[in-house]
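Novice: below: sequence and its predicted model.
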Amino acid sequence: MGLALSSKKRAALTMRRYSKPSTKQLPKGLAIIHEDQDILVVDKPPGLLTMGTDTEKSRTAYFMLTDYVRKGCAKSKKRIFIVHRLDRDTSGVLLFAKTQEAKEALQNQWEETKKKYLAVVHGRCEKNSETISTYLAENTAYAVYSTRDTTKGKLSRTAYTVLKATKDFTLLEVDLLTGRKHQIRVHLADIGHPVVGDKRYGKKIKDHQRLALHSKSISFRHPSTGEQLTFEARVPKDFKKLVGSLNRVPAEQTHPTDA
């Protein structure tokens with residue numbers, strides 16, 4: 001493992017942790033939040049896959065960031081490693097490793113890693129906060145659903161807190177307590193408040209096509225130094241179209257997230 005950071009470098013990293021994402025842009029709107037010798041943290045735009053599929057290989061965050069670390073040289077042996085994934089239509093903080101050792105260290109602590117999301121949902125929630133617990137399973141059409149059959153599903157837990165409510169929509173801060181496929185979307189649909197723009201588990205609305213789900217922040221121990229880090233992406237501008245001003249939305253008690 002690497003050496004501990006000097007006090008000067010540690011102070012610089014702390015300032016960066018609480019600053020807005022870097023203005024340095026990659027193709028397709030992918031923005032770097034932080035980079036060092038072990039990790040690469042980015043703000044992923046909606047509509048971009050994390051990794052390739054059978055039908056899409058190059059329009060992915062993984063492909064673009066691999067090209068970035070290789071500086072366009074196809075013969076370079078530099079690469080990145082996928083630590084976790086975001087759905088294509090989910091925006092926000094996405095973490096990659098730059099070495100196999102860093103990837104393994106990050107995944108070994110994944111249960112302790114804190115992941116917070118913002119979601120705009122239909123309707124006004126009756127409870128200001130709640131933890132939703134169900135067993136999630138997947139059918140042959142790759143749709144996820146809640147089941148009482150513990151032999152079919154995996155226990156999944158999602159906690160939310162209401163940040164703001166309007167006549168038609170509610171803005172939630174969501175703590176992902178387990179990490180199942182489509183977990184947030186299914187759980188919020190289960191309680192009658194599907195995520196706005198969720199065509200699979202919710203309902204379409206003409207004026208907002210994108211999924212209103214955003215990976216707000218991630219907190220973890222640095223794989224080399226052991227320092228506890230928190231990285232955050234700004235709230236997407238289109239969230240304001242749904243719930244109005246976001247000036248009062250808390251941002252890990254660090255800086256305003258109003259974009």
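Specialist: Cool, the structure landed.

Novice: from Leu211, how far off is the nearest residue to Glu35 once chain neighbours are set aside?
Specialist: Counting by C-beta to C-beta, 6 or more residues apart in numbering, the nearest residue to Glu35 once its immediate chain neighbours are dropped is Val41, at 7.3 Å. C-beta: built from backbone N, CA, C; applies to glycine. Distance of Val41 to Leu211, computed by C-beta to C-beta, to the nearest Å: 21 Å.

Novice: and Gly72, by the same measure?
Specialist: 32 Å.

Novice: looking at the two, which is more packed in?
Specialist: Using other C-beta atoms under 10 Å, the more surrounded residue of Gly72 and Leu211 is Leu211, with 24 against 7.

Novice: contacts only, for that one.
Specialist: Pro46, Asp87, Asp89, Thr90, Arg185, Val195, Val196, Gly197, Asp198 (C-beta atoms under 8 Å, 6 or more residues apart in numbering).

Novice: alpha carbons of stretch 84-99, in CSV - could you do that?
Specialist: Extracted in CSV, the C-alpha atoms of stretch 84-99 (Å, rounded to 0.1, in the frame of the first residue of the first chain):
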residue,chain,number,x,y,z
HIS,A,84,-19.5,-0.3,-8.8
ARG,A,85,-22.1,0.8,-11.4
LEU,A,86,-24.8,3.3,-12.0
ASP,A,87,-27.8,2.7,-14.2
ARG,A,88,-27.6,4.3,-17.6
ASP,A,89,-30.2,7.0,-16.7
THR,A,90,-28.9,7.7,-13.2
SER,A,91,-26.4,10.6,-13.0
GLY,A,92,-23.9,11.5,-10.4
VAL,A,93,-20.8,10.2,-8.4
LEU,A,94,-19.2,7.1,-9.9
LEU,A,95,-16.0,5.6,-8.4
PHE,A,96,-13.3,3.7,-10.4
ALA,A,97,-9.9,2.2,-9.3
LYS,A,98,-6.7,2.7,-11.1
THR,A,99,-5.0,-0.5,-9.9
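
Novice: and the strands in this structure, which stretches?
Specialist: 31-35, 39-44, 81-82, 91-97, 114-122, 129-138, 144-147, 154-165, 169-176, 213-221, 228-232 (DSSP state E).

Novice: quick one, the fifth one and strand 154-165 angle?
Specialist: Interaxial angle of strand 114-122 relative to strand 154-165 (axes from the mean of the first three to the mean of the last three C-alpha atoms, to 10 degrees): 60 degrees.

Novice: how about the second one?
Specialist: Between strand 39-44 and strand 154-165, the angle comes out at 60 degrees (the same axes, to 10 degrees).

Novice: and strand 39-44, which residues are buried?
Specialist: Residues of strand 39-44 classed as buried by neighbour count (16 or more other C-beta atoms under 10 Å): Ile39, Leu40, Val41, Val42, Asp43, Lys44.

Novice: so which of those is the closest to Leu106?
Specialist: Here the nearest of the buried residues of strand 39-44 to Leu106, counting by C-beta to C-beta, is Ile39; it sits at 7.6 Å.

Novice: which residues touch the closest one?
Specialist: Shown in contact with Ile39 (C-beta under 8 Å, 6+ apart): Leu95, Phe96, Ala97, Lys98, Ala102, Leu106, His222, Pro223.

Novice: relative to Ala141, how far out is it?
Specialist: Counting by C-beta to C-beta - Ile39 and Ala141 are separated by 36 Å.
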